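**Q** Structure for this input, please:
(one chain, ligands or ions: 1)
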Amino acid sequence: MSPVIDPVVQIRGLWSVFHAGGEDVVVHRDLDLDIARGSLVSIVGGSGSGKTVLLRQILGLATPARGTVTVLGEPASRLARAGAATRVGMLFQHGALFSAFSVLDNIALPLRELRAFPETLVREAALVKLCMVGLSERDAHKMPAELSGGMIKRVALARALIMDPPLLLLDEPTAGLDPGSSDAFCGLLASLHRELGLTVVMVTHDLDTILELSTQIAVVADKRIVVSGPPQEVLAFDHPFVHDFFFGGRGRRAMTLLRERGLSVAAPPATAASAPDLLAPR
Ligand SMILES: Nc1ncnc2c1ncn2[C@@H]1O[C@H](COP(=O)(O)OP(=O)(O)OP(=O)(O)O)[C@@H](O)[C@H]1O
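**A** Okay, the predicted model is just below:
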């Protein structure tokens, strides 16, 4: 893995260990990862491989048993303190909205909690973010129970972005969405990434999303990052997880779908060795 200049996230020698049933469970062993400014990174790996724990380490919500996690030049543990929302926005997989609050109040919450700005400014900022995620002012006073799954994700995204953080973390952003809503949400992420110059890190199993959006893919296997780099490089990497995930049945279907949608993707190869041909240069 070649070092990244000026990384937004830099992880070195990370060990994540939990104590369960009287035993130590090692989830990450000596894991390294660099995330470059402005990249859109998908973290992939098998179920239980430690992807969500890795996001929690980046957020400073989990404590490394060993190693360092540096985010925007500071130890991640500092992010867990007040003011974190100005630096990192997080969309949790089950990041439910507060059901008793309107859409606008849900979005405004992190800003309002600071008690630093007048109410008119808070509401104006929330309205800007509401429109930024493709909702309209008509939606502002709706309650969460009145929203579709795709709208809920958009409101949660607007809330994550309320403080204009340079780094956005997403845990399974398209889980539970129908294919149409999932495509629309991917389109929104792509345009926000482009227009706001955000660094985006997402954990996802959704191959369409990974192949369509990622500038970098990081693969968690064997308790570490076994490969991290541009999609072409990762798809060519010889590892059983990479082979099964990208070239198993699901992977081939995703590649075919993307080709049908006009994304330049060559026919799946017989072996991973010819993977660099799969994706056109981005
Ligand atoms: N607080 C905790 N205490 C004990 N074990 C934990 C804790 N948090 C996570 N784990 C364990 O760490 C391992 C990795 O969990 P994690 O949720 O990161 O996996 P994942 O790769 O995100 O999986 P999935 O794709 O299924 O969501 C699992 O075995 C899980 O049981």
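
**Q** mean confidence score for stretch 207-227?
**A** Per-residue pLDDT over stretch 207-227 has a mean of 94.

**Q** next one: that stretch to chain centre, how far?
**A** 11 Å (CA atoms, centre = their mean, to the nearest Å).

**Q** where does the stretch 51-200 of the chain come near the ligand, residue by residue?
**A** 51, 52, 53 (CB under 6 Å from any ligand atom). From N, CA and C alone the C-beta is placed, and that goes for glycine too.

**Q** any idea of the pLDDT on the first one?
**A** Same thing as residue 51. At residue 51, pLDDT is 96.

**Q** Can you give me the neighbour number for it?
**A** As a burial measure, residue 51 scores 23 neighbours (other CB atoms under 10 Å).

**Q** Check which residues of stretch 101-117 are buried.
**A** Buried residues in stretch 101-117, counted by 16 or more other CB atoms under 10 Å: 102, 103, 104, 105, 106, 107, 108, 109, 110, 111, 112.

**Q** just for the stretch 1-150 of the chain, where's the confidence low?
**A** Low-confidence segments of the stretch 1-150 of the chain (pLDDT under 70): 1-5, 80-83, 95.

**Q** just the strands in it please.
**A** For the stretch 1-150 of the chain, the strands defined by DSSP state E, counting those that start in this stretch cover 7-20, 23-36, 40-45, 66-71, 74-75, 88-91.

**Q** Output those in CSV; the columns should cover distance to residue 246 and mean neighbour count.
**A** Converted to CSV, the strands of the stretch 1-150 of the chain look like this (distance: least, CB to CB, whole Å; neighbours: other CB atoms under 10 Å):
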stretch, distance to residue 246, mean neighbour count
strand 7-20, 23, 18
strand 23-36, 19, 18
strand 40-45, 9, 24
strand 66-71, 27, 18
strand 74-75, 34, 12
strand 88-91, 25, 23
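
**Q** Show me what the residue positioned nearest the centre of the chain is bridged to.
**A** Using CA atoms, centre = their mean, the residue of the chain that lies closest to the mean C-alpha position is residue 202, 1.7 Å off. When bridges are called by DSSP bridges, residue 202 pairs up with residue 42, residue 170.

**Q** check contacts around it.
**A** 40, 41, 42, 43, 169, 170, 171, 172, 173, 189, 209 (CB atoms under 8 Å, 6 or more residues apart in numbering).

**Q** list the contacts for the last one?
**A** Translated: residue 209. Taking CB under 8 Å, 6+ apart as the definition, contacts of residue 209 comprise 42, 173, 174, 182, 186, 202.

**Q** ok, now with 7 Å
**A** 174, 186 (CB atoms under 7 Å, 6 or more residues apart in numbering).

**Q** Buried by neighbour count: which residues of stretch 209-229 qualify?
**A** 209-221, 223-229.
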